[in-house]
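Visitor: turn this into a model:
(4 chains)
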Protein chains: 4
Amino acid sequence: MKKKSQEVEVNGHLIDSMVLTKILDKVMNRGGEFEILHLEVGKKKKDSSHAKLRITGKSAKHLEEILDDIHRDGASISNKVQVRLKKALKDMTLPDNFYSTTNTKTSIFHNEKWIPVENQMMDKCIILKENKASCVPIRDVRKGDLVVVDEIGVKVDPPQRPRDKANIFAFMGSSSSSERPTQHIAEKVAQDIIKTAKRGKIVIVGGPAIVHTGAAESVADMIRDGYIHGVLAGNALAVHDIENSTLGTSLGMYVQDATLAKRGYRNHMDTVNAVFKAGSIRNMVESKKLTSGIFYECIKNDVPFVLAGSIRDDGPLPDVIADVVEAQREYKKVLKDADMVIMVSTMLHSIATGNMLSANVSVVVIDINQPTVTKLVDRGTWQALGVVTDVGAFLPMIVQQIKKLTGKK
Amino acid sequence: MKKKSQEVEVNGHLIDSMVLTKILDKVMNRGGEFEILHLEVGKKKKDSSHAKLRITGKSAKHLEEILDDIHRDGASISNKVQVRLKKALKDMTLPDNFYSTTNTKTSIFHNEKWIPVENQMMDKCIILKENKASCVPIRDVRKGDLVVVDEIGVKVDPPQRPRDKANIFAFMGSSSSSERPTQHIAEKVAQDIIKTAKRGKIVIVGGPAIVHTGAAESVADMIRDGYIHGVLAGNALAVHDIENSTLGTSLGMYVQDATLAKRGYRNHMDTVNAVFKAGSIRNMVESKKLTSGIFYECIKNDVPFVLAGSIRDDGPLPDVIADVVEAQREYKKVLKDADMVIMVSTMLHSIATGNMLSANVSVVVIDINQPTVTKLVDRGTWQALGVVTDVGAFLPMIVQQIKKLTGKK
Amino acid sequence: MKKKSQEVEVNGHLIDSMVLTKILDKVMNRGGEFEILHLEVGKKKKDSSHAKLRITGKSAKHLEEILDDIHRDGASISNKVQVRLKKALKDMTLPDNFYSTTNTKTSIFHNEKWIPVENQMMDKCIILKENKASCVPIRDVRKGDLVVVDEIGVKVDPPQRPRDKANIFAFMGSSSSSERPTQHIAEKVAQDIIKTAKRGKIVIVGGPAIVHTGAAESVADMIRDGYIHGVLAGNALAVHDIENSTLGTSLGMYVQDATLAKRGYRNHMDTVNAVFKAGSIRNMVESKKLTSGIFYECIKNDVPFVLAGSIRDDGPLPDVIADVVEAQREYKKVLKDADMVIMVSTMLHSIATGNMLSANVSVVVIDINQPTVTKLVDRGTWQALGVVTDVGAFLPMIVQQIKKLTGKK
Amino acid sequence: MKKKSQEVEVNGHLIDSMVLTKILDKVMNRGGEFEILHLEVGKKKKDSSHAKLRITGKSAKHLEEILDDIHRDGASISNKVQVRLKKALKDMTLPDNFYSTTNTKTSIFHNEKWIPVENQMMDKCIILKENKASCVPIRDVRKGDLVVVDEIGVKVDPPQRPRDKANIFAFMGSSSSSERPTQHIAEKVAQDIIKTAKRGKIVIVGGPAIVHTGAAESVADMIRDGYIHGVLAGNALAVHDIENSTLGTSLGMYVQDATLAKRGYRNHMDTVNAVFKAGSIRNMVESKKLTSGIFYECIKNDVPFVLAGSIRDDGPLPDVIADVVEAQREYKKVLKDADMVIMVSTMLHSIATGNMLSANVSVVVIDINQPTVTKLVDRGTWQALGVVTDVGAFLPMIVQQIKKLTGKK
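Guide: Model (predicted):
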């Protein structure tokens, strides 16, 4: 066997985002060798670093294995080579060896130029159509589509850790902790919301615990005041929110004073029935049957919402999209151009949303259960801030901070 | 205001299932009074108790409130009164004041006799058609259906705590604990499985952690050996199981030795693509592309499985039912006549299944995360046994115990 | 073998505190029989119930087993029989068959009258000295002490569930949940604190997370305003509180803005050294080195505190009682006559305190980790209210509520 | 203000242990600048890297701040300068500005040579006595002792991530996960135990859940077979283990079949009394009252154990060291020269032990509660492997693996 070498380049925050650590790690783990030919480290917070490495494998095949592995971390072969494309032979079926995407910015080299991939998401394929490249899920692939195969001619930007969050992240380690000053974290999140909302788009992904814990009003406030520009949820959040708005209860218990309503066990199904009777949530608002709450504010303020069906739904409400593949498409529409996503107490919808997000979107994950937060934050996203807290106490605190910081109230 | 009284009766394990406790509690909480006219407590494990109470409210309305409340715990007005019925005025819309079901055995009094309600589930309505009563979800209600309203003429059997499980339940309290002799619990569960499988039906509800933790083989073993008669899951369990069976990995890591496969990040999407290529899981088995694992055994042993779609699915596989309302119907078919349901590491599908089960089905909930187990067990089911343990260690232990107890090794 | 019977009596909230449920359960579990000779159930919230049962065992020995078992739940042999006493033969050693106490009110029958046992705690023995009975830990037993043996002549009041808390408890089930309206729970706890503080005594048991999460000021406020009458903790709470008060940090991070202090890693040990230098916390306060915080307020307001040493202590501070047996004695002194105990984010000190409390003391357990709350609440105390929440958000909320409710702002 | 620069050097696994990442991070966070003068990265798994950096601050004071901060990560001023020493003016009191230690290998430059610090632990001070430097807790400092102050002349080796564990760590991310192949992890841990036991020392730190979950026999096996060379615990593990060995129960429940013993509630206190009666655990073994279990094997096999008292102890047993400062000293003796520490289900004793360990000792943390594992693993120790699993299933699995791997069965 003859040793084989290849030069690769990588750009980005190599040191502080641990990109170089990961690349060298992988080379060593696979039994390869490396030489750092050139390393220029950015000196200021905003500077990027540049490295040129020579990677050596025990054979051409071994080298290829190593290169495949480090490709996803941003280590690209220096010379520009034409991307390889193959036709899909059937609808919803990819050619063997299709390129499986990361969630970081990607480009392909085609016809002597770099074409950026649009709609970047994780674990999808790349299709080239009329000189435009886009990230596409397998269900949307059609026979004859040109699909990128192998890693050749594909350039991945390494994921970046936002420099100005470094301090707060340093404190928390890579995961998340419940042992932090809660009021300060709430203030920080409020600042981020205010800043982002000025020119950007904020989407909230939420579960029914928002209503149980008495925080529905806080979310409604944020929608009314223009801080939320999209709501992604399931059937449960909508039913609970409308039960709360129309009957004052969540699963039959008054949220105001935690007493049980008369025949309160019926309230949940009664709410489902009331929406069916009206025909839709919008109809309930227009007929003045629904006059407050999260979804009332969505309709009043033209904030789009998508309710995705799930196997555990009661009903589900007529507004729920029962077909999950269609629901995914509608989620993506709302997430388009989002700058910040706030995920509250719902693992299902949060993971779904996480899979659709490019790595440069800010994510805040709020849940009382640490394993849930860890699971979400660990899914390869440097940008996620995990907050292990009580939603019923934390969301009102954010709203209070927003009012304080903006001088309203 | 004039006080008003009413005699009610209740039967069942009044003392040890805490039925009487709950009823008297509710009367007192609502400010009512009670007198125990008669109480006959069953003396042996299998005996039922009988009580006759006089309930007094401050007014006719107050009395009605109280009676509504204790009705669901099995306290019925003694005299037989005709059930009240109203027509549904629209498809998928119930008349006001519809009767919302519990998950315990229910009968309605109609045309001078008690008619048992079929297909008992929680939070549904009751429809009477050709002298047959059945429990129906709101989406299946059609215009003109006769729907039970109010509580009059409806008799609910109070939920029963299985007497011979008393000891193990006493130990665990009403919730679940991780501080118990694991090996013994595994033995007990194994005994239950063996005993139930002899004449009964066992359904497993599972999440992908079964594969991650290396327990897929244990589940496959149990299917092959005839201990599992239905599998309910989502897309993830199927993709992980097939990735494991065809490539040896779970999300790119070899389950055998926890090393990372070459280009292992592709394995997940590669598996999805392989099933699309074959057209279905069954096709993969028939073309010998899939020769082991949970779903292979299902097909080989004619064990039905249902994969319910969810918003977070990658793919999803062609076998997945993307429409959640249809998936619910298919789940119910598999659950019909089940005697035991084992729920492993999936909150979503477990809650969905729990909602479809009558209270007399044995349920075992296995998860490493205590809040998940607590949430499932607390959903009003006396019959659920919660085990906070490591699935990757516990399922192999159950299989070992089954083999030991049945002398097959 | 000849069957043997015995009449027993039991008083208290038999139905709603589930006392009767437990007693009949145990009789059945042990294979015994019972007959309810008389049952008079209290009709109003404050009324007590009375039952007379005939218990039958398969033999005298079997009967005795059953009686032993139900004795702890309050089922006493009806006729008054002299308690049995034996001398301790050595210091710190009990006679065989010593009576091991519960945490509910107990009396012994001696010289023709019922003598109430003082200082009731769980898992201790009872010593009779000069016609006074008291509950004593094994380490305090001296040679020659008269120790109660067997269950004869010992009467236990069954544990009571506080009736007016019934509603909130019904909601939570027997354990504790994070899915409740947080703001309302905070209001309820605030009301309890205000009401209790008027004539009663409130003790707080706390861990260092109080400081990490930014809630130290809230506790200091409550001490200053007269709502806390004793503080039980370990070395960590004191070191963190003093670090926070003197340097503004908790483990080197500024609690105000979550930034890291210069050489902040030294702050923890620097604080320990500062207290050693002063000689004690009191000296620091008197020399004006410590001018705010939890322990400053304790000293300024003559609120006693006890710091118990533990194997993980840094230092520990000179104020810490390094001998745990002595620390237990000092804890008990502070707990004497306490009406309410608030346990915050410390399993170790909370369990220690729980073991020293009679069952009629109100307990509130606050922690972000559900298994911790479950473990504490499940330790056989009906009176404990578990709140799974974020301490850093919940304690400030309580203080806000107290101020609102008392009109001081 | 005039900018000020200083060259520093750092050696070790700069890239893969993320040492360089941390150092540059800190410089940037403090607003400083850096230039990489020289970077030589080790090419093979065992190679160390070397870097020379020029750090620039806005002023001499600013530079000093930065240097202080990065010192703890191993960045030392290149030129050899004499360490600074100050006398302790009182017993148990350090001079201001004392050097607070890390848990990684440290040396001080004194009299023209580097003196290695012995007994390295975290958050202690360094004392120089007769040309020997040692790490000493504040309580052991005596008036007149020469204590190291400032960071000058102190060299810290950066913490190293063990290279051959890289793969398993990479999988788990920086924290720990319950979603891994349990059987494989058990095999890996078993291999480590076998390898280490050959020439090294293994200490186990354990809580009472070992007994509750039925794993006491597994630990006893490992002691008997020579795999455990020290046991660190508290009162609870000992009482539970002896209750289990002498009466077959854990808190009154038979571990074999989870049934409740007759008067089982007394077993715990009965066990405490039995040890008091004998005088000590050793006496019980010698008088044949104790013939199996963890502590029996300790005494039979001359394996030292230390029981540290805590405020929650029942008893505590005569063998328990009630003074926690003394208990810390005894713990340290057992930990001396330990190569591997296995921490099972006890946060208190595990944190205590972690504080006493140098960073080059292998640590395995086993617990069912993820936040507990995260908290222990996050305490700055690269070397800790966290396993979120069920102790009652995992420890028997390790013993099975050891027997399989060593061919003894």
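Visitor: and residue A:9, that's in a helix?
Guide: No - according to DSSP: H, G, I helix; E, B strand; the rest coil, residue A:9 belongs to no helix; its state is strand.
Visitor: count of residues packed around it?
Guide: A total of 17 residues lie near residue A:9 under the criterion other C-beta atoms under 10 Å in any protein chain shown. Every residue, glycine included, has its C-beta placed from N, CA and C.
Visitor: my guess is it contacts residue A:54, does it?
Guide: No - between residue A:9 and residue A:54 no contact is recorded; they are 10.8 Å apart, counting by C-beta atoms under 8 Å.
Visitor: shaky segments in the stretch 251-400 of chain A?
Guide: Along the stretch 251-400 of chain A, segments meeting pLDDT under 70 span A:378-383.
Visitor: what residues does it have near chain B?
Guide: Where proximity means C-beta under 8 Å from any C-beta of the partner chain, the interface of the stretch 251-400 of chain A facing chain B comprises A:260, A:262-263, A:265-266, A:268-270, A:272-273, A:276-277, A:308-316, A:318, A:322-328, A:331, A:347-349, A:351-352, A:355, A:369, A:371.
Visitor: recalculate using a threshold of 6 Å.
Guide: Taking C-beta under 6 Å from any C-beta of the partner chain, the part of the stretch 251-400 of chain A that reaches chain B is made up of A:262-263, A:266, A:269, A:273, A:276-277, A:308-312, A:314-315, A:322-325, A:327, A:348, A:351-352, A:369, A:371.
Visitor: got a quick ChimeraX command for the buried subset of those residues?
Guide: A single ChimeraX command suffices to select whichever of those are buried according to 16 or more other C-beta atoms under 10 Å in any protein chain shown:
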select /A:263,266,269,273,276,277,308,309,310,311,312,314,315,322,323,324,325,327,348,351,352,369,371
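Visitor: okay, now residue A:73: neighbour count?
Guide: For residue A:73, the number of neighbouring residues by other C-beta under 10 Å comes to 22.
Visitor: ok, stretch A:232-244 near chain C or not?
Guide: No - residues of stretch A:232-244 contacting chain C under C-beta under 6 Å from any C-beta: none, with a closest distance of 10.0 Å.
Visitor: now check that stretch, is it near chain B?
Guide: No - Stretch A:232-244 does not reach chain B (C-beta under 6 Å from any C-beta); its nearest approach is 7.5 Å.
Visitor: for chain C, what are the nearby residues on the stretch 251-400 of chain A?
Guide: Near chain C, the residues belonging to the stretch 251-400 of chain A are A:253, A:255, A:257, A:258, A:259, A:368, A:389, A:390, A:392, A:393, A:394, A:397 when assessed by C-beta under 6 Å from any C-beta.
Visitor: so can I have CSV of the residues you listed showing neighbour count, secondary structure and distance to residue A:5?
Guide: As requested, these are arranged in CSV below (neighbours: other C-beta atoms under 10 Å in any protein chain shown; DSSP: H, G, I helix; E, B strand; the rest coil; distance: C-beta to C-beta, whole Å):
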residue, neighbour count, secondary structure, distance to residue A:5
A:253, 23, strand, 68
A:255, 24, coil, 66
A:257, 13, coil, 73
A:258, 19, coil, 69
A:259, 15, coil, 74
A:368, 28, coil, 52
A:389, 28, coil, 51
A:390, 30, coil, 55
A:392, 33, helix, 59
A:393, 27, helix, 58
A:394, 28, helix, 53
A:397, 25, helix, 56
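Visitor: can you name the two of these that are farthest apart?
Guide: Distances among these were taken as C-beta to C-beta; the most separated pair is A:259 and A:389, at 25.9 Å.
Visitor: ok so residue A:299 is a strand residue?
Guide: No - looking at residue A:299 with three-state DSSP, it is helix, so not inside a strand.
Visitor: which parts of the stretch 251-400 of chain A are strands?
Guide: Read by DSSP state E, counting those that start in this stretch, the stretch 251-400 of chain A holds these strands, from start to end of the chain: A:253-254, A:305-308, A:340-344, A:362-367, A:384-388.
Visitor: for those, which one sits closest to residue A:196?
Guide: The minimum distance between residue A:196 and the strands of the stretch 251-400 of chain A falls on strand A:340-344, with 4.6 Å, by C-beta to C-beta.
Visitor: and the closest one with strand A:362-367, angle?
Guide: Interaxial angle of strand A:340-344 relative to strand A:362-367 (axes from the mean of the first three to the mean of the last three C-alpha atoms, to 10 degrees): 10 degrees.
Visitor: which strands or helices does strand A:340-344 pack on?
Guide: Under the contact definition 3 or more C-beta pairs under 6 Å, 6 or more residues apart in numbering or on different chains; DSSP states H and E, strand A:340-344 sits against strand A:202-206, strand A:362-367.
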